[in-house]
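Visitor: One predicted model, sequence on top.
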Amino acid sequence: TLLPVSLLLPYAINDMLGVQNTAARFATSILFVLYMFRILEAVFDFVPPGAKASLGTYCTYFSLPFDMIFDGIKPVMATKQEIRDGQINVVKAVTCIGVLCTILTPSGYKPFGDTDAGEFNESIVLSDYLDLKHLGNCFAIALFFQQGLSVGDAVFGNAIQTVLGYKVKQTMRNPMLEATSPSDFWGRRWNVLVHSVMKRGVYKPVRKYSSSPVAASLAVFIASGLFHEWLVHVVFLHNRPSSSSTSEVLLGSNTAFFVWNFVIIVSEKVL
């Protein structure tokens, strides 16, 4: 019963409070994505052993939007130096996104200029999508999005370490500029928190019952696509007035994107 509640509660919250702000809807909904997968890891008994040391520890682990680090059954506490480093990371992250905004805003977030690549609901011409200017614009937007997530990661991670004292894992590890392969990008650098909870909540259960690492990996990418579709519906479509931004949303595109990335990961392993 907890899983359907996690799926439906954000809709109820937005309706009861009349929330229309996109950022507020996203901030609320993303927490429930985390809760969904933590419910699944509990159902299939893949909760980290340290989190099960006591009811209080588990409640803390379950509720925090970060992955706690455990030494055996004890949570690892942040040192003073790690707290200072976290505060420095906040300054760096905010500065970086400020610089990116300064660079990208004058061009309407198209630093390489307009291209002929259409939207989702328009005809797709492969040569337009492979245009270097279009690829450059996509890279710039992805870098900006990464930095936005990095700001949230730095701010909230530092708050948890400073106020509660728990050491937390860094969620964003500069994947756009430092990833060495698709598997390094998705497995060790991009949104490590979601990677961790999906590994315990989806990959390990499917691997346990199917004995197939390929099937387990496919299940993870499909689940990732589906929760992004759910996010798009909650944040952009549910009880929102019709606008150009909502009319351009194409449900199914996120799942297609993640399944395609599964194909890339498998190809990387084969090659």
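Guide: Noted; the coordinates are in hand. Computed from a predicted model, the values in this text were never measured in an experiment.
Visitor: Count residues in the vicinity of residue 202, would you?
Guide: Residue 202 has 23 neighbouring residues, counting by other C-beta atoms under 10 Å. Placement of C-beta: from N, CA and C, glycine included.
Visitor: And residue 225, how far from residue 32?
Guide: Residue 225 sits 17 Å away from residue 32, going by C-beta to C-beta, to the nearest Å.
Visitor: what does residue 239 give?
Guide: Relative to residue 32, and taking C-beta to C-beta, residue 239 is found at 17 Å.
Visitor: same check, this time on residue 87
Guide: 29 Å.
Visitor: more neighbours, those two?
Guide: residue 32 (19 against 14).
Visitor: Am I right that that one is in contact with residue 6?
Guide: Yes: with contact defined as C-beta atoms under 8 Å, residue 32 counts as touching residue 6 (4.8 Å).
Visitor: where does the stretch 1-150 of the chain dip in pLDDT?
Guide: 118-123 (pLDDT under 70).
Visitor: again, only using 80
Guide: Scanning the stretch 1-150 of the chain for pLDDT under 80 picks out 1, 117-126.
Visitor: And the helices in it, which stretches?
Guide: Using DSSP state H, counting those that start in this stretch, the helices of the stretch 1-150 of the chain run over 2-17, 22-43, 55-63, 80-104, 126-129, 132-163.
Visitor: Any chance of TSV for those, columns distance to residue 174?
Guide: Formatted as TSV, the helices of the stretch 1-150 of the chain follow (distance: least, C-beta to C-beta, whole Å):
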stretch	distance to residue 174
helix 2-17	30
helix 22-43	20
helix 55-63	26
helix 80-104	10
helix 126-129	26
helix 132-163	8
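Visitor: mind listing the strands for the stretch 101-250 of the chain?
Guide: Counting by DSSP state E, counting those that start in this stretch, the stretch 101-250 of the chain has no strands to list.
Visitor: Quick check: phi and psi at the residue most central in space within the chain.
Guide: Closest to where the C-alpha atoms of the chain average out (C-alpha atoms, centre = their mean) is residue 191, at 5.0 Å. Backbone torsions of residue 191, given as degrees, to the nearest 10, read phi 50, psi 70.
Visitor: what's near enough to touch it?
Guide: Contact analysis of residue 191 by C-beta atoms under 8 Å, 6 or more residues apart in numbering lists 149, 171-172.
Visitor: Mind giving me the ChimeraX command for buried ones among these?
Guide: Selecting the buried subset of the contacts of residue 191 in ChimeraX, with 16 or more other C-beta atoms under 10 Å as the burial test, is done by:
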select :171,172
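Visitor: and of the contacts of residue 191, the nearest to residue 63?
Guide: residue 171 (16.3 Å; C-beta to C-beta).
Visitor: residue contacts, that closest one?
Guide: 66-67, 149, 153, 157, 191-193.
Visitor: Let's see that with 7 Å instead.
Guide: 153, 191-193 (C-beta atoms under 7 Å, 6 or more residues apart in numbering).
Visitor: can you give me the helices in the stretch 151-271 of the chain?
Guide: Going by DSSP H, counting those that start in this stretch, the stretch 151-271 of the chain shows helices at 175-178, 182-184, 192-198, 204-210, 213-232, 244-247, 253-270.
Visitor: now the longest one: how far from the chain's centre is it?
Guide: Think helix 213-232. On the basis of C-alpha atoms, centre = their mean, to the nearest Å, helix 213-232 sits 12 Å off its chain's mean C-alpha point.
Visitor: One more: the second one?
Guide: Its chain's C-alpha centre lies 15 Å from the corresponding centre of helix 182-184 when counted by C-alpha atoms, centre = their mean.
Visitor: Give me the contacts around that helix.
Guide: Taking C-beta under 7 Å, 6+ apart as the rule, helix 182-184 contacts 261, 264-265, 268.
Visitor: if I look at residue 208, how far off is residue 72?
Guide: In this structure, residue 208 and residue 72 are 24 Å apart, going by C-beta to C-beta.
Visitor: between the two, who's got more neighbours?
Guide: residue 208 (12 against 8).
Visitor: which residue sits closest to that one, ignoring its sequence neighbours?
Guide: Counting by C-beta to C-beta, 6 or more residues apart in numbering, residue 44 is the residue found nearest to residue 208 once chain neighbours are left out, at 7.4 Å.
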